[in-house]
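In: what would the 3D arrangement of this be:
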Amino acid sequence: MNNKPELPLRPWGNFQKLFQEPGLWVKRIEVNPGARLSLQRHEKRSEKWVFVHGLGLAIVEGKQIPVKKGTVVDIPLGAVHRIGNTGEDPLIFIEVATGSYLAEDDIVRIEDDYDRKS
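Out: Numbers count the residues shown, from 1 in each chain. Next up, the predicted model:
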């Protein structure tokens with residue numbers, strides 16, 4: 001019997017919600033080699049990303065930030081951002097989000113490699 005929870009699959013990888021309470025969630029996010037998330041912003045939450053494995057490039061308000069194990073990136077409320085995996089291994093980070101509303105539908109996509117609109 002497999003006790004691992006099913007992870008929500010995305011075209012770029014997957015995530016697992018580790019904890020949630022009103023105003024806070026913590027997720028483990030894994031980005032496949034060569035993949036990246038959409039260029040996006042959130043209207044009701046800010047995020048902090050703590051990188052634990054792999055290599056990548058974060059974009060926050062047009063600023064390029066190379067990331068690796070130990071890097072912390074701050075995503076202020078409303079900031080346009082994206083993360084991409086530039087390495088050969090999965091890029092893994094912990095996302096801590098805080099805000100008045102925490103749900104997957106608080107994503108305003110500006111650009112998406114997978115033609116998703118919402």
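In: what about the strands in this structure?
Out: 9-10, 13-21, 24-31, 39-41, 45-53, 56-60, 63-67, 72-75, 81-85, 91-99, 108-111 (DSSP state E).
In: from the contact counts, what lies against the third one?
Out: Packing partners of strand 24-31 (3 or more C-beta pairs under 8 Å, 6 or more residues apart in numbering; DSSP states H and E): strand 13-21, strand 81-85, strand 91-99. Yep, even glycine has a C-beta here, placed from its N, CA and C like the rest.
In: which one of these lies closest to residue 38?
Out: strand 81-85 (6.5 Å; C-beta to C-beta).
In: ok, and what's touching that closest one?
Out: 13, 31-41, 47, 49, 54-61, 67, 73, 75, 91, 93, 111 (C-beta atoms under 8 Å, 6 or more residues apart in numbering).
In: now the residues you listed: which count as buried?
Out: Using 16 or more other C-beta atoms under 10 Å as the burial test, the contacts of strand 81-85 include 13, 31, 35-38, 40-41, 47, 49, 54-60, 67, 73, 75, 91, 93 as buried.
In: quick one: strands adjacent to the helix or strand bottoming out on mean pLDDT in the chain?
Out: The least trusted helix or strand in the chain, going by mean pLDDT, DSSP states H and E, turns out to be strand 9-10, with a mean of 84. Taking DSSP bridges as the criterion, strand 9-10 pairs within the sheet with strand 13-21 (antiparallel).
In: so for the strand it pairs with, what gets flagged as buried?
Out: 13, 15.
In: can you dump the C-alpha coordinates of that strand into CSV?
Out: Taking Å, rounded to 0.1, in the frame of the first residue of the first chain, the C-alpha atoms of strand 13-21 are listed here in CSV:
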residue,chain,number,x,y,z
GLY,A,13,5.9,19.7,-12.0
ASN,A,14,3.9,19.3,-8.8
PHE,A,15,3.2,20.7,-5.4
GLN,A,16,2.1,19.4,-2.0
LYS,A,17,0.3,21.6,0.5
LEU,A,18,2.0,20.9,3.9
PHE,A,19,0.0,23.2,6.1
GLN,A,20,-2.9,25.7,5.9
GLU,A,21,-4.7,27.8,8.4
